[in-house]
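S.K.: Provided below for reference: sequence and predicted model.
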Amino acid sequence: MKKNDDARRNSQVKESHKVKIKSRHFDFFYGESQALHEISLDIHAKKVTAFIGPSGCGKSTFLRSINRMNDVIDGTSVGGKLEIDGINIYDPLMNVVELRKRVGMVFQKSFPFPKSIYENIAFGLKMNFKLSKSEMDGVIEESLKKAAIWKEVKDRLNDSALGLSGGQQQRLCIARAIAMNPEVILMDEPCSALDPISTKKVEEFIAEFKDSYTIVIVTHNMQQAARISDYTGLFYMGKLMEFDTTKKIFNNPSKKETEDYISGKFG
Ligand SMILES: Nc1ncnc2c1ncn2[C@@H]1O[C@H](COP(=O)(O)OP(=O)(O)OP(=O)(O)O)[C@@H](O)[C@H]1O
């Protein structure tokens, strides 16, 4: 009996370790205006989680809450609980710089620094790690390779990053994020400004490296959410309407609103 209990407890512990980010009754306010209401969900480690929903429903607000990107906006406040590895992200003792190292972000609009391709990645590395030149070169090459842009830039690392195409700039920003060796990568509509080929490259990056990172992506592209994610959450008017495996959400959602949104009846 004891053996069974131990086995069950061990499997429960293992199971709980798989949750990387845990949100319970999480509220978010811009001043007086409440943008998120009681968001409760588990984001699983080393899985891809997609957030979908009509414009203004709070997807980006929730995403940006995970690495406290919203802190820079005056007058914001939160309620409820948001944890990473069991630690409250909003604990006053949380080191936000460390948090953002662990939780990297790729934005809708890529914004490389007006520096060389090399410096775009080296900048953050120099600020955060003590690396020799050859170690730095190694990390930069590896990050650019993972982001599937190495072949295009390897002979022009000292050229300005602003000379790259939009799709290349977005992949450079992904390389910049992964160079910091994050545990979580937040992607806020990373493909919305990209052509289909660049979009495919970003999706290939996600598919290839999803076992190495916990990826959370906001997308308006329903097919993209269905293609690349393991879990999907539908936000609607600041609430989480439904959260489940992507398979369930797209094939057999529990709520009529989810079905209507997915089939394009509203949004
Ligand atoms: N900086 C801000 N100050 C005040 N209100 C904001 C701010 N940013 C967002 N909001 C409001 O919070 C709500 C949620 O916005 P959010 O950007 O999270 O939605 P979204 O689902 O990501 O939308 P979209 O798909 O259009 O990007 C909206 O009502 C929006 O107007």
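M.R.: Good, I have the coordinates. Numbering: from 1, shown residues only.
S.K.: Tell me where the stretch 1-150 of the chain has strands.
M.R.: Assigned by DSSP state E, counting those that start in this stretch, the stretch 1-150 of the chain shows strands spanning 19-30, 33-44, 48-52, 76-84, 87-88, 103-106.
S.K.: Determine the set of other helices and strands touching the last one.
M.R.: Helices and strands in packing contact with strand 103-106 are listed as helix 166-179, strand 184-188; criterion 3 or more Cβ pairs under 8 Å, 6 or more residues apart in numbering; DSSP states H and E. Every C-beta, even on glycine, is put in place using the N, C-alpha and C of the backbone.
S.K.: mind listing what the last one pairs with, with the direction of each?
M.R.: As defined by DSSP bridges, the strand partners of strand 184-188 come to strand 103-106 (parallel), strand 214-218 (parallel).
S.K.: hang on, the earlier thing: make JSON lines from the helices and strands packed on strand 103-106 and add distance to the ligand, mean neighbour count and mean pLDDT to it.
M.R.: Converted to JSON lines, the helices and strands packed on strand 103-106 look like this (distance: least, Cβ to the nearest ligand atom, whole Å; neighbours: other Cβ atoms under 10 Å; pLDDT from 0 to 100):
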{"stretch": "helix 166-179", "distance to the ligand": "17", "mean neighbour count": "24", "mean pLDDT": "95"}
{"stretch": "strand 184-188", "distance to the ligand": "8", "mean neighbour count": "24", "mean pLDDT": "97"}
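S.K.: Kindly report the residues of the chain close to the ligand.
M.R.: By Cβ under 6 Å from any ligand atom, the residues of the chain that approach the ligand are 30, 33, 35, 53, 55-61, 73, 235.
S.K.: before we move on, back to that, looking at the strands paired with strand 184-188, which is buried most?
M.R.: Of all these, strand 214-218 has the most neighbours on average by mean count of other Cβ atoms under 10 Å, namely a mean of 25.
S.K.: among the strands of the stretch 1-150 of the chain, which is the most enclosed?
M.R.: Comparing these by mean neighbour count (mean count of other Cβ under 10 Å), strand 48-52 ranks first with a mean of 25.
S.K.: which non-adjacent residue is nearest the most centrally placed residue in the chain?
M.R.: Geometric centre of the chain, nearest residue: residue 186, 1.6 Å, by Cα atoms, centre = their mean. Of all residues not flanking residue 186 in the chain, residue 105 sits nearest, at 4.6 Å (Cβ to Cβ, 6 or more residues apart in numbering).
S.K.: circling back: kindly reformat the strands of the stretch 1-150 of the chain as JSON lines containing mean pLDDT.
M.R.: Output for the strands of the stretch 1-150 of the chain, formatted as JSON lines (pLDDT from 0 to 100):
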{"stretch": "strand 19-30", "mean pLDDT": "98"}
{"stretch": "strand 33-44", "mean pLDDT": "98"}
{"stretch": "strand 48-52", "mean pLDDT": "98"}
{"stretch": "strand 76-84", "mean pLDDT": "97"}
{"stretch": "strand 87-88", "mean pLDDT": "96"}
{"stretch": "strand 103-106", "mean pLDDT": "96"}
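S.K.: Those: which one's closest to residue 225?
M.R.: strand 48-52 (3.9 Å; Cβ to Cβ).
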